[in-house]
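Colleague: with the sequence up front, the predicted model follows.
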Amino acid sequence: MKVRYVFAGVALTVGVLAAAGSGGSSVSNSTVTTAGGSTATTGGSTATTKASSAAHVGSTVAVSDGNGGDANVTITQVIDPASGADQYTTPDAGKRFVGVEMTIQNTGKKTLQDDANSTTTVQGSDNQTYTFDVNDISECTNFNSGSYTLAPGASVTGCVVFQLPTGVSPKQVQFQPTGFTGGTTGQWQVP
């Protein structure tokens with residue numbers, strides 16, 4: 001049985017992203033975020049960012065990279081389980097595909113270039129943090145293999161795909177702009 005979480009968007013003011021991202025792995029415990037701010041460690045460097053209060057799927061959250069890259073990010077739906085893009089695309093044994101569909105709108109004054117795959121994570125009900133999977137699903141398109149370029153005012157909609165173990169549900173989605181320095185991270189609770 002497919003379950004889709006779809007809600008009407010609720011606008012909040014927010015900001016995002018700069019710099020191109022890179023690939024990921026299936027599980028990572030390197031990012032810890034709290035409501036008052038967090039310390040995130042990636043690739044051996046440490047930076048501080050502010051986390052937004054957790055919104056719900058369907059809400060729009062303003063994110064920022066702290067360097068003038070601002071965007072509104074809306075998690076439009078979480079597709080669980082999701083189907084592979086074709087008959088040859090299947091999840092690993094004991095896992096399933098989960099898709100996070102989002103819309104990113106540049107609300108700043110400079111062009112945004114980033115990779116939604118590397119900036120989006122899912123926290124599971126097992127309290128593990130999952131990073132993107134390279135496979136595509138049939139329910140939505142994965143931007144341009146994750147990457148996007150947005151002129152001021154422009155927006156794009158796409159999906160980030162994850163593999164979660166059977167029995168683990170997605171409980172939170174986090175969007176953290178690449179190259180953040182004192183920026184704002186978006187968080188959404190999954191019902």
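Modeller: Structure's in. What do you need?
Colleague: every contact and neighbour count from this point should use C-alpha atoms.
Modeller: OK.
Colleague: ok, the spatially most central residue of the chain - contacts?
Modeller: Taking C-alpha atoms, centre = their mean, the centroid of the chain lies closest to residue 120, which sits 2.6 Å from it. Contact partners of residue 120, counting by C-alpha atoms under 8 Å, 6 or more residues apart in numbering, are 131-132, 160, 173-176.
Colleague: 6 Å instead, please
Modeller: Contacts for residue 120 (C-alpha atoms under 6 Å, 6 or more residues apart in numbering) come out as 174-175.
Colleague: how far away is it from residue 165?
Modeller: Residue 120 sits at a distance of 18 Å from residue 165 (criterion: C-alpha to C-alpha, to the nearest Å).
Colleague: try residue 61
Modeller: Separation of residue 61 from residue 165 (C-alpha to C-alpha): 28 Å.
Colleague: hey, what's the residue nearest to the centre of the chain bridged with?
Modeller: Residue 120 has the following beta-bridge partners by DSSP bridges: residue 175.
Colleague: what do you get for residue 72?
Modeller: Residues in a beta bridge with residue 72, per DSSP bridges, are residue 62, residue 105.
Colleague: for it, give its distance to residue 121.
Modeller: Between residue 72 and residue 121 the distance, using C-alpha to C-alpha, works out to 17 Å.
Colleague: tell me the pLDDT of the nearest residue to residue 126 once chain neighbours are set aside.
Modeller: Residue nearest to residue 126 in three dimensions, not counting chain neighbours: residue 168, with 6.3 Å by C-alpha to C-alpha, 6 or more residues apart in numbering. In this prediction, residue 168 carries a pLDDT score of 98.
Colleague: any buried residues in the strand or helix carrying residue 160, and which?
Modeller: Element membership for residue 160, per DSSP states H and E: strand 155-165. Within strand 155-165, the residues that qualify as buried by neighbour count (16 or more other C-alpha atoms under 10 Å) are 155, 157-165.
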